[in-house]
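Asker: dropping the sequence and predicted coords here.
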Amino acid sequence: MKILFVLADFRFPPREGMQVQTLNLFNYLASRGHTCRVLAFFRDGESIDLNGLQEAMPGVEVVGLFPRRYNYAVQTAFALMRKRFCAFRFSPKQRTEDYFCRSLSEVLRETDVDLVHLEGIAMAPYLELVDARPSVLSSIDASSLRQRRLAAESTNIRERLYRLALSHASSLLERSALPRATKVHVVSPVDSQYLRESVPGIDVEDIGIAVPDDLLEYVPKKDLNEMDKSHRLLFSGDLRVGYINRGLAWFLSCVYPEVQRMYPDTRLTILGRGSPSSEVAGLLAMTPSAEVLSWVEDYYAEILKSQVVVLPDPTGTGLKNRTLQAMALGRPVVGTPSIFEGIPMINGVHGFSSATADGFAQAIVDLLGSQDMRQKIGCNARSFVLEWYTVESVGRQWLNLYSRAMTKFATRNRHDSDVVLQAGEGPIT
């Protein structure tokens, strides 16, 4: 199979979770003899190691890269404008948008392509250029649902209005563009159900994210559990994101004090890019047992140093990489319901989910107090990930999705041809 990937955000080596997912898929497809070509936007100012990509994945060919100046939310808004007002361009001076469209058309005209995989809701307007090929648009999650939830959770009126505007814009884009795709993909059944109800005529399926093989095969250099006998919790998340800061602030003010009351030697490690919000910084100043690490040499080892991973996100959509990574390493996770949304886990068997501070704290206290419980939940969590979220399992689902898209496209074309022939029959007057 020859697949053209059209990506909204590409980088190698990857930095974001979905960039890792894309490369996992490339590796899986290339290792099974499929051809992957890449036409993508990348963040202006970032470098891409094309030689490293070629060495790591010789079956992947990059046919075009285009810098983008805007963050993903703004790029999505511009995509909507382009959809509704064809004359609008991303960058009037350099006309990056025109060059990208021209390159996409040339690749489709000059290259043998069986299917086009577009990744990111900002790529939806380009479906108009790929009508002659089967297409899969991977919107990752339902963008309008995500923005709506972020608006509902935010306590800042400006942010709330901004999120509501983005939700409305995303909804317009979803309804106008997504039905053009042969298939639409999201990572969570919650998002797929939402899109089925909100976008008439859509053909959407959900495939989860894959945990990298190197994580499943990871072996620490030494017995990390013997390094420190104190009770350790770990939080991870991007501290540049507002709702993640709000979840951490809730944990520090409403949950962590109760845990420390029961186990005064408890320590909290916070792994997060960027700087915490002023609210979180103030709480940390009063919490000497918590430390913030913006970078670590071995992320997996840091997870294994903890006894419990805590993920108190108040909202979100899709699946959370952080959740599956901790589960794959055999660490029990205590999280809010949004952390486990879309993951068919059983509460109390594969981890603990609680929306209340009391329930959250009690789950942590119970786990810290019982090594047997920690081992049992951690073992169950790892087995669960091995069953549902390996690269092999997820890769097979993608190949099946591509096959269904190609079959649907061929069937629809045959039907359209039959209709044209039937309409042309009869006497000429």
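Answerer: Arrived safely, thanks for sending. Keep in mind the model is a prediction, meaning the values are calculated, not measured. Residues are numbered from 1 along each chain as shown.

Asker: switch to C-alpha atoms for all contacts and neighbour counts from now on
Answerer: Fine.

Asker: you'd agree Arg133 is up against Asp114?
Answerer: Yes: with contact defined as CA atoms under 8 Å, Arg133 reaches Asp114; the gap is 6.9 Å.

Asker: compare these two (neighbour count), which wins?
Answerer: Ranked by neighbour count (other CA atoms under 10 Å), Arg133 and Asp114 place Arg133 first, with 19 against 16.

Asker: average pLDDT for the longest helix along the chain?
Answerer: Among the segments of the chain that qualify as a helix by DSSP state H, the longest is helix 391-424. For helix 391-424, mean pLDDT is 83.

Asker: and stretch 349-362, by the same measure?
Answerer: 98.

Asker: show residues contacting that stretch.
Answerer: 251, 254-256, 258-259, 332-337, 340, 345, 347, 363, 377-378, 380-381, 384 (CA atoms under 8 Å, 6 or more residues apart in numbering).

Asker: just the buried ones from these?
Answerer: With burial judged by 16 or more other CA atoms under 10 Å, the buried subset of the contacts of stretch 349-362 is 251, 254-256, 258-259, 332-337, 340, 345, 363, 377-378, 380-381, 384.

Asker: re earlier: show me what the longest helix of the chain is packed up against.
Answerer: helix 17-31, strand 135-140 (3 or more CA pairs under 8 Å, 6 or more residues apart in numbering; DSSP states H and E).

Asker: cutoff 10 Å now
Answerer: Judged by 3 or more CA pairs under 10 Å, 6 or more residues apart in numbering; DSSP states H and E, helix 391-424 is in contact with helix 17-31, strand 115-119, strand 135-140, strand 183-186, strand 204-206, helix 371-388.

Asker: in the stretch 101-250 of the chain, which ranges drop under the pLDDT threshold?
Answerer: The model of the stretch 101-250 of the chain has pLDDT under 70 over residues 221-229.

Asker: tell me which stretches of it form helices.
Answerer: In the stretch 101-250 of the chain, the helices defined using DSSP state H, counting those that start in this stretch lie at 143-153, 157-177, 189-198, 213-216, 242-250.

Asker: let's have the helices and strands packed on helix 391-424 in CSV, adding distance to Ser403.
Answerer: Formatted as CSV, the helices and strands packed on helix 391-424 follow (distance: least, CA to CA, whole Å):
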stretch, distance to Ser403
helix 17-31, 13
strand 115-119, 9
strand 135-140, 11
strand 183-186, 11
strand 204-206, 13
helix 371-388, 21
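
Asker: quick one: closest of those to Leu7.
Answerer: Set against Leu7 and scored by CA to CA, those come closest in strand 115-119, at 5.0 Å.

Asker: so which elements touch the closest one?
Answerer: Right, strand 115-119 is packed against strand 2-7, strand 35-43, strand 135-140, strand 183-186, helix 391-424 by 3+ CA pairs under 10 Å, 6+ apart.

Asker: what comes up buried for the last one?
Answerer: Meaning helix 391-424. Going by 16+ other CA under 10 Å, helix 391-424 has these buried residues: Val391, Glu392, Ser393, Val394, Gly395, Trp398, Leu401, Tyr402, Ala405, Met406, Phe409.

Asker: how far is that helix from where the chain is centred?
Answerer: 26 Å (CA atoms, centre = their mean, to the nearest Å).

Asker: for my notes, confirm Leu65 occurs in a strand.
Answerer: Yes: counting by DSSP: H, G, I helix; E, B strand; the rest coil, Leu65 is found in a strand.

Asker: tell me who's in contact with it.
Answerer: By CA atoms under 10 Å, 6 or more residues apart in numbering, the residues touching Leu65 are Leu7, Phe10, Val38, Leu39, Ala40, Phe41, Phe42, Ile48, Phe100, Ser103.

Asker: please report the distance of Ile48 from Val62.
Answerer: 11 Å (CA to CA, to the nearest Å).

Asker: what of Arg261?
Answerer: 55 Å.

Asker: neighbour count for those two, which is higher?
Answerer: Under the criterion of other CA under 10 Å, the comparison of Arg261 against Val62 puts Val62 first, with 15 against 11.

Asker: show the end-to-end separation of stretch 230-244, please.
Answerer: Distance between the two ends of stretch 230-244: 26 Å, counting by CA to CA.

Asker: buried ones in it, by neighbour count?
Answerer: Buried residues in stretch 230-244 (16+ other CA under 10 Å): His231, Arg232, Leu233, Leu234, Phe235, Ser236, Gly237, Asp238, Leu239, Tyr243, Ile244.

Asker: my guess is the fourth one contacts Ala301. True?
Answerer: No: here Leu234 does not reach Ala301: they are 11.4 Å apart, not a contact under CA atoms under 10 Å.

Asker: the buried residues of stretch 230-244 into JSON lines, with extra columns for distance to Thr356?
Answerer: Below are the buried residues of stretch 230-244 laid out as JSON lines (distance: CA to CA, whole Å):
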{"residue": "His231", "distance to Thr356": "22"}
{"residue": "Arg232", "distance to Thr356": "21"}
{"residue": "Leu233", "distance to Thr356": "18"}
{"residue": "Leu234", "distance to Thr356": "19"}
{"residue": "Phe235", "distance to Thr356": "17"}
{"residue": "Ser236", "distance to Thr356": "20"}
{"residue": "Gly237", "distance to Thr356": "20"}
{"residue": "Asp238", "distance to Thr356": "22"}
{"residue": "Leu239", "distance to Thr356": "22"}
{"residue": "Tyr243", "distance to Thr356": "17"}
{"residue": "Ile244", "distance to Thr356": "17"}
